[in-house]
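Undergrad: give me a 3D structure for the following:
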Amino acid sequence: MKAMILAAGRGERMRPLTDDKPKPMLTVNGIPLIEHHIRRLKHAGITELVINTAWQAQSIENYLQDGSAFGVSITYSHEREGALETAGGIATALPLFATNDEPFLLVNGDVFTDIDFCHLPKLAPQVLAHLFLVPNPEHNPNGDFCLSKEWVCANTDNMASYTYSGVSIFRPSFFDSCQPHHKAALGPLLKRHLGKNQIAGQLWQGLWTDVGTPERLASLQTDHKAETQ
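TA: Numbers count the residues shown, from 1 in each chain. The predicted structure follows:
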């Protein structure tokens, strides 16, 4: 399996920390967020990576280069026109790695998690995606989706809701309706496929943080430092 790491966002809420670097280059325990992902991907045997870049792209490329220093191979998808949002960025990058509609792993570069990359589920033929969901954090109390057995479904009042973790598995054909080099969000595309037994999912109750604000980053750095001492 190949993997794509999303690293093109501007990170407005993280300013001024992201004035001269993209969010995935912010550090936890002295290591950039994106390197934490790469180390865990390498450990799982996932070594063919695509990373999309836009804001301060050179910061990422100068640090990671071709990935050989980390035991992986990295190809970059440059969004020179500016960040294309999640679905648009993926659709633009697909020609770099999509083969015969084989599923790929998608990882948001600005989350910190211990989701198990070594034991990823295999997609049944009719399944277009598998989402890892997490318990709702304080900043997203209403969640994004519900789970009905192994299927992701829309939020309803009579079911527990969960938050999309930013880690998922997709078939390239999921993005057939997206035009490369055009902005497109992932949420509306996912909702279009709900209720058709095409979007599977599971709840992950391990470590997970959406590093979206300086306060969350500081809390994560404190917690992670305590865990490693």
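Undergrad: which residue ranges form the helices in the protein?
TA: Remark: helices assigned in the chain by DSSP state H are 33-43, 57-64, 85-93, 186-193, 214-228.
Undergrad: please convert these to CSV, extending it with mean pLDDT and distance to Glu12.
TA: The C-beta positions use only the backbone N, C-alpha and C, and glycine is treated the same way. Converted to CSV, the helices of the chain look like this (pLDDT from 0 to 100; distance: least, CB to CB, whole Å):
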stretch, mean pLDDT, distance to Glu12
helix 33-43, 97, 17
helix 57-64, 94, 17
helix 85-93, 95, 14
helix 186-193, 94, 18
helix 214-228, 74, 12
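Undergrad: and those as JSON lines, adding distance to Asn140?
TA: Formatted as JSON lines, those follow (distance: least, CB to CB, whole Å):
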{"stretch": "helix 33-43", "distance to Asn140": "19"}
{"stretch": "helix 57-64", "distance to Asn140": "26"}
{"stretch": "helix 85-93", "distance to Asn140": "16"}
{"stretch": "helix 186-193", "distance to Asn140": "12"}
{"stretch": "helix 214-228", "distance to Asn140": "12"}
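Undergrad: so of those, which one's packed in deepest?
TA: For these, ranked by mean neighbour count under the definition mean count of other CB atoms under 10 Å, the leader is helix 85-93 at a mean of 24.
Undergrad: average model confidence for the top strand by length along the chain?
TA: Using DSSP state E, we find that the single longest strand of the chain is strand 161-170. Strand 161-170 carries an average pLDDT of 97.
Undergrad: ok, which of the helices of the chain comes nearest Pro137?
TA: helix 214-228 (8.7 Å; CB to CB).
Undergrad: returning to what we had before: angle of the longest strand of the chain against helix 33-43?
TA: 60 degrees (axes from the mean of the first three to the mean of the last three CA atoms, to 10 degrees).
Undergrad: sheet partners, orientation included, of strand 161-170?
TA: Applying DSSP bridges, strand 161-170 is found paired with strand 104-108 (antiparallel), strand 129-134 (antiparallel), strand 145-148 (antiparallel).
Undergrad: residue contacts, the nearest residue to Ile90 once chain neighbours are set aside?
TA: What sits nearest to Ile90 in space, not counting adjacent residues and going by CB to CB, 6 or more residues apart in numbering, is Phe175, at 5.7 Å. Taking CB atoms under 8 Å, 6 or more residues apart in numbering as the criterion, Phe175 is in contact with 87, 90-91, 94, 189.
Undergrad: from these, which two are the most distant?
TA: Farthest pair in the contacts of Phe175 (CB to CB) is Leu94 and Leu189. Separation: 13.7 Å.
Undergrad: since that was my last question, I'll sign off now.
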